[in-house]
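>>> I need the structure of the sequence given here:
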Amino acid sequence: MATKDAPLRRDRTTQQRLARGEAAALGEVYDRYASLVHGLAYRVLGDEQAADTVTREVFAQVWEQPERYDPKRGPLRTWIAELTRHLAVRTLRETGTAALTGGGPGSAEELEHQVRRASVAARADYIAQSMPVPLRLALERAYFQRRDYRRTAADLGITEDEARRRLRLGLQLLATAQDAAGPGAPPGHGGTA
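Residues are numbered from 1 along each chain as shown. This next block holds a predicted model:
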């Protein structure tokens, strides 16, 4: 029987393999998390090339600095997602600041609002991808297919009470993406890197 600590042990072992310079470990990490990294970067930046660049940067840091991951603070997936968000937001700020100083449209306040919004969206994407499949399926039916809880229950073959519970819990989890940023929270205080 698998224990609750098995994923963290696997992450710790992967970190040790990376520290020893095992290229196969990087390949495994890339295979496991590349779509997550690219998706989060694209969500923040809205640009395929910039997301590709951030993806390369993330895995370069994973390879060059595996000791920065602390298994005591959570799963490798969470560390990689946070690293991605940080690098993508930094890139967004740099490109936005360059546009501002180069006479581009907007203001520093608009840029920070854009950064905050992109950071919340990336966090929400990560939460949605990480939530248990039953919750995610219920939310997808309700949101993307515009189903009410009764139709969601019928589609999933569950009771209406269970459908309401799943939708409520899924929405509560998604709300934490916004809550982490806080209403008007300054950048760097839980909302952005």
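>>> Please identify the buried residues of the lowest-mean-pLDDT helix or strand in the chain?
Among the helical and strand segments of the chain, the one scoring lowest on mean pLDDT, DSSP states H and E is helix 108-130, with a mean of 75. Going by neighbour count (16 or more other CB atoms under 10 Å), the buried part of helix 108-130 is 111-112, 114-116, 118-128. (C-beta placed from N, C-alpha, C; glycine too.)
>>> which SSE is E57 in?
E57 is part of helix 48-64, with elements assigned from DSSP states H and E.
>>> May I see the buried residues of the lengthiest helix in the chain?
Scanning the chain for the helix with the most residues, using DSSP state H, yields helix 76-101. Under the neighbour-count criterion of 16+ other CB under 10 Å, helix 76-101 has 76-77, 79-93, 96 buried.
>>> P66: what's it in contact with?
Q15, L18, A19 (CB atoms under 8 Å, 6 or more residues apart in numbering).
>>> Can you pull the poorly scored residue ranges out of this protein?
Low-confidence segments of the chain, defined by pLDDT under 70, span residues 1-5, 96-108, 179-193.
>>> please redo it, this time with the cut-off set to 50
In the predicted model of the chain, residues 1, 100-101, 103, 182-193 satisfy pLDDT under 50.
>>> Could you check how many residues crowd around A154?
Using other CB atoms under 10 Å, A154 has 13 neighbouring residues.
>>> oh, and call the first residue 3 from now on, that's how I've got it
OK, 3 is where the count begins now, so the last one is A156.
>>> now it: how far from T55?
Distance of A156 to T55, given as CB to CB, to the nearest Å: 45 Å.
>>> Ok, A123 next?
Distance from A123 to T55, by CB to CB: 19 Å.
>>> domain ranges for the protein?
Per the record, the chain has its domains at 12-132, 134-195, by automatic domain parsing.
>>> Would you agree L113 is in contact with R95?
Yes: L113 lies in contact with R95 (CB atoms under 8 Å); the separation is 7.0 Å.
>>> Which single one of the contacts of P68 is nearest to Q180?
The nearest member of the contacts of P68 to Q180, counting by CB to CB, is Q17 at 31.4 Å.
>>> how much space between that closest one and A83?
16 Å.
>>> on that earlier part again, what's the angle from the helix holding E59 to helix 78-103?
Between helix 50-66 and helix 78-103, the angle comes out at 130 degrees (axes from the mean of the first three to the mean of the last three CA atoms, to 10 degrees).
>>> which strands and helices sit next to helix 50-66?
The elements that helix 50-66 packs onto, with contact taken as 3 or more CB pairs under 8 Å, 6 or more residues apart in numbering; DSSP states H and E, are helix 25-47, helix 78-103.
>>> ok, and for it, which residues are buried?
For helix 50-66, by 16+ other CB under 10 Å, it's A52, A53, T55, V56, T57, E59, V60, F61, Q63, V64.
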